[in-house]
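Engineer: attaching a predicted model along with its sequence, questions to come.
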There are 4 protein chains.
Amino acid sequence: MSDEAPPPPERARRLPRAVRERQILDAAVQVFARHGYHAASMDEISEVAGVSKPMIYTYLGAKEDLFGKCVQREANRLLEAVQAGVQPELPPDMQLWHGLRSFYRFVGEYRESWTVLHRQALTVGGTFAAEITDMRMRAIELVAALVVAAGTRKGLGEQAEFSGTGLSAALVGAAESLADWALDHPEISDGVLASWLMNLVWLGFNDLVEGQVWKPSDA
Amino acid sequence: MSDEAPPPPERARRLPRAVRERQILDAAVQVFARHGYHAASMDEISEVAGVSKPMIYTYLGAKEDLFGKCVQREANRLLEAVQAGVQPELPPDMQLWHGLRSFYRFVGEYRESWTVLHRQALTVGGTFAAEITDMRMRAIELVAALVVAAGTRKGLGEQAEFSGTGLSAALVGAAESLADWALDHPEISDGVLASWLMNLVWLGFNDLVEGQVWKPSDA
Amino acid sequence: MSDEAPPPPERARRLPRAVRERQILDAAVQVFARHGYHAASMDEISEVAGVSKPMIYTYLGAKEDLFGKCVQREANRLLEAVQAGVQPELPPDMQLWHGLRSFYRFVGEYRESWTVLHRQALTVGGTFAAEITDMRMRAIELVAALVVAAGTRKGLGEQAEFSGTGLSAALVGAAESLADWALDHPEISDGVLASWLMNLVWLGFNDLVEGQVWKPSDA
Amino acid sequence: MSDEAPPPPERARRLPRAVRERQILDAAVQVFARHGYHAASMDEISEVAGVSKPMIYTYLGAKEDLFGKCVQREANRLLEAVQAGVQPELPPDMQLWHGLRSFYRFVGEYRESWTVLHRQALTVGGTFAAEITDMRMRAIELVAALVVAAGTRKGLGEQAEFSGTGLSAALVGAAESLADWALDHPEISDGVLASWLMNLVWLGFNDLVEGQVWKPSDA
DNA sequence: CATGAATGAGTGTTCATTCAT
DNA sequence: GATGAATGAACACTCATTCAT
């Protein structure tokens, strides 16, 4: 029988909720990136976070909620990073280039965020795919509006050779795929990656092969 | 080897092994496409296949083996479909265009195969990711060799504006992403999809916006 | 349509039932000895026997029946071997010695039989334990009657220092345990093994240490 | 059979880990003793323990681990019981006698422990058999050193009539076998059992039949 | 006679989730 | 606020057993 006033166990330090939530989200992103949604276990997340499991449920909800919040947070981070890189007063191609650079810088710096967003978010059935796809679409339109708008101005409507959304999807896919590739080639700088993509989508192989090369005009 | 499936009797409870294996693989592809590797249950697969679970294990092995065999079969199907569409005597751009058409036709026709290959195969840790990535790389080089080789001939080595593997990754990503998009737009024909991609990667946005348009020369 | 291949496919030779049964029992003893009753699988038995599973069921019945028949056959073999070695006209100690020799010879020669009888038969719940125990008891009384009877004649009844069945159990246990030990020491001949046991149970440690030694009188 | 649910160990909801572990181990020993390793089901163990299955896995690990821990605990108990009974200052025969009494007392008191150790531990393939055999050997040498050492002192080396390890195996087998027999004869006291064995191995049948009887000298 | 084909029923194991403290 | 204790429910996998041919 312990009747003496027990000194508060140092074991569990009472931290403000916001801090705990960040700890947990960080751990969750890490674990989700490593194993994917289904293979990730709440046990591992709680362990990595240094927090007991009930706390996760109290603060962030069930596994699916937790994953959703991870996705949201990382998606916001990514969008902010890209938007921060774009300078609206530049010509379209330079805007695109700067946006791409920001994107690749982000991917290189926050690999796990990117992994969760790109690879893992689609494996979860239900609402997530839509949510992610939507976010993806907004992202692409943000970037692709530049060129699509240009095309539209020139009178290229929804004719066979041109489709705003279709091309956007392709463009984003190209950018994403190159991002994945870049994860295995960290020695390639974000500027170079952005340039490659510019040459692909802006000039096309044909011009490129003809010796034409796109280069940033402000470097 | 008599490989001719003898006309299946109306209500044969007792089927030869090869037939059962196909049934099971078909069901597995369907279920894996629907839920992903982890969320798919052997119970559902057996149910869809109209076969008891032990049969699956006897014929195709454990879950991971089964998935591997699905991936292999579908990957072969895809490769064959694409290769069948390419005509080596045509000029490079036409070869590319025909290959892409075959690809989009396949994706449209075998949505589930494509889903398994593109989205689900990467969610399984271990050997699969590598296997798929490898297959993807071989596929891309098959197609991209056309243009990359052209670029290399023109003296574009591994300089900052050009990279064989990097651009290949981007190109394949664009094609894949457009394929995903096309799944939600079945009204767009494979010819049109292929054209869009050609215009993107062959001419580039710049030329496109300037009014230049790529068109198949043999239609 | 098979036209003129008169000899039936060599694949499945139609053998008389008795032969098949022996094949199966041999295989079963082997597999039961290797894995024990529960860990042994009908599949492995059928494979080792070179016979399809339905045949096992047709000829020998279910797994438990099969095991029972294995045990019975091997027990009979053992009993016959021991009985064949005993010569009733010799004095008790020599009878015991010859019986033990036969026993150890059998164990050395039919290791698997011994394993099934001694180690595996007891792990199966239900009727088997009793059956085996019974068989064991009969075996022991067969052998121990010699000495126990002698003791009883001398007026040693069920007093504290003497008990027929109890001592018999101990004696048989000693013989069995030495048999197990001998499996790992095949270089020790059955004559030597029998001698050891004779010295232990006939003379006892005390006499043995005093320099008294029991030796077969007819060698 | 006895299907009466023996009062589940209290309905105490929240118990400290150590208590639960003991409950589970107790239940496991009971069930393993009743059915053997393979036929025992984790379900029954959890039911007998009054605990859900996941707890077993959390606290004691998988089935094989659980069994290993049972064996270890019971083996320790047995060794301690025997060692506690031996008094090193007594002459060899009295030491042996006291050791045997302790052994039989333990077997009578903890039937299930004995069953698990003696009968079931060998049915599990792999490391366990070796572990148990080893433990058995150490146990036997602990006890048999007394007599074997005596024999060796007298100049009885590894000659045909005498073998330390071989005789030890036999001796232990005799003791074990008598223990099994005693399980069905609970009315025989451990002192009597020990006496029987002493008369068998110390004096031998011959002396016994001649009217010589070994008796404890300190009673 | 002989077997490939097929399965019902059960096993060990894990995981997201929630109380009681 | 924070957690160790506890579980329901499901899943992958196996095996003894039996038809239909």
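Structural biologist: Perfect, I can see it now. All figures in this text were calculated on a predicted structure; none of them were measured in a lab.

Engineer: A:Met135 contacts A:Ala75, doesn't it?
Structural biologist: Yes. Using C-beta atoms under 8 Å, A:Met135 is in contact with A:Ala75, at 5.1 Å. (C-beta placed from N, C-alpha, C; glycine too.)

Engineer: how does chain A divide into domains?
Structural biologist: Per automatic domain parsing, the structural domains of chain A span A:10-61, A:68-209.

Engineer: now distance to chain B, mean pLDDT and mean neighbour count too, for the ones you listed, in CSV please.
Structural biologist: Supplementary listing: the domains of chain A in CSV, determined by distance: least, C-beta to the nearest C-beta, whole Å; pLDDT from 0 to 100; neighbours: other C-beta atoms under 10 Å in any protein chain shown:
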stretch, distance to chain B, mean pLDDT, mean neighbour count
domain A:10-61, 3, 90, 16
domain A:68-209, 2, 81, 19
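
Engineer: roughly how far does the nearest residue to A:Leu117 once chain neighbours are set aside sit from chain C?
Structural biologist: Using C-beta to C-beta, 6 or more residues apart in numbering or on different chains and skipping the chain neighbours, the partner closest in space to A:Leu117 is A:Glu74 (5.5 Å). Distance, A:Glu74 to chain C, using C-beta to the nearest C-beta, to the nearest Å: 50 Å.

Engineer: same deal with A:Val82?
Structural biologist: Distance from A:Val82 to chain C, by C-beta to the nearest C-beta: 60 Å.

Engineer: so A:Gly108 makes contact with A:Pro186?
Structural biologist: Yes. Contact criterion C-beta under 8 Å: A:Gly108 and A:Pro186 qualify, at 6.6 Å.

Engineer: which helices and strands sit right next to the helix or strand hosting A:Asp26?
Structural biologist: Secondary structure from DSSP states H and E places A:Asp26 in helix A:17-39. Where contact means 3 or more C-beta pairs under 8 Å, 6 or more residues apart in numbering or on different chains; DSSP states H and E, helix A:17-39 is packed against helix A:42-49, helix A:53-60, helix A:63-85, helix A:111-115, helix B:17-39.

Engineer: closest one to D:Met42 among those?
Structural biologist: Closest of these to D:Met42 is helix A:42-49, at 20.5 Å (criterion: C-beta to C-beta).

Engineer: CA atoms only for that closest one - export them in PDB, please.
Structural biologist: Provided in PDB are the C-alpha atoms of helix A:42-49 (Å, rounded to 0.1, in the frame of the first residue of the first chain):
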ATOM      1  CA  MET A  42      -0.800   2.000 -35.100                       C
ATOM      2  CA  ASP A  43       1.700   0.400 -32.700                       C
ATOM      3  CA  GLU A  44       4.600   1.500 -34.700                       C
ATOM      4  CA  ILE A  45       3.300   5.000 -35.100                       C
ATOM      5  CA  SER A  46       2.800   5.300 -31.400                       C
ATOM      6  CA  GLU A  47       6.200   3.900 -30.700                       C
ATOM      7  CA  VAL A  48       7.900   6.300 -33.200                       C
ATOM      8  CA  ALA A  49       5.900   9.200 -31.800                       C
END
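
Engineer: quick one, it and helix A:53-60 angle?
Structural biologist: If you take axes from the mean of the first three to the mean of the last three C-alpha atoms, to 10 degrees, helix A:42-49 sits at 80 degrees to helix A:53-60.

Engineer: is helix A:42-49 up against chain D anywhere?
Structural biologist: No. Helix A:42-49 lies apart from chain D when judged by C-beta under 8 Å from any C-beta of the partner chain; the minimum separation is 10.6 Å.

Engineer: could I get the helices and strands packed on helix A:17-39 as CSV with distance to B:Glu89?
Structural biologist: As requested, the helices and strands packed on helix A:17-39 are arranged in CSV below (distance: least, C-beta to C-beta, whole Å):
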stretch, distance to B:Glu89
helix A:42-49, 56
helix A:53-60, 60
helix A:63-85, 45
helix A:111-115, 42
helix B:17-39, 35
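
Engineer: leaving out chain neighbours, which residue sits closest to the residue in chain A positioned nearest to chain D?
Structural biologist: Closest to chain D within chain A is A:Asp43: 10.6 Å, counting by C-beta to the nearest C-beta. Leaving aside its chain neighbours, A:Asp43 sits nearest to A:Lys53 (7.0 Å; criterion: C-beta to C-beta, 6+ apart).
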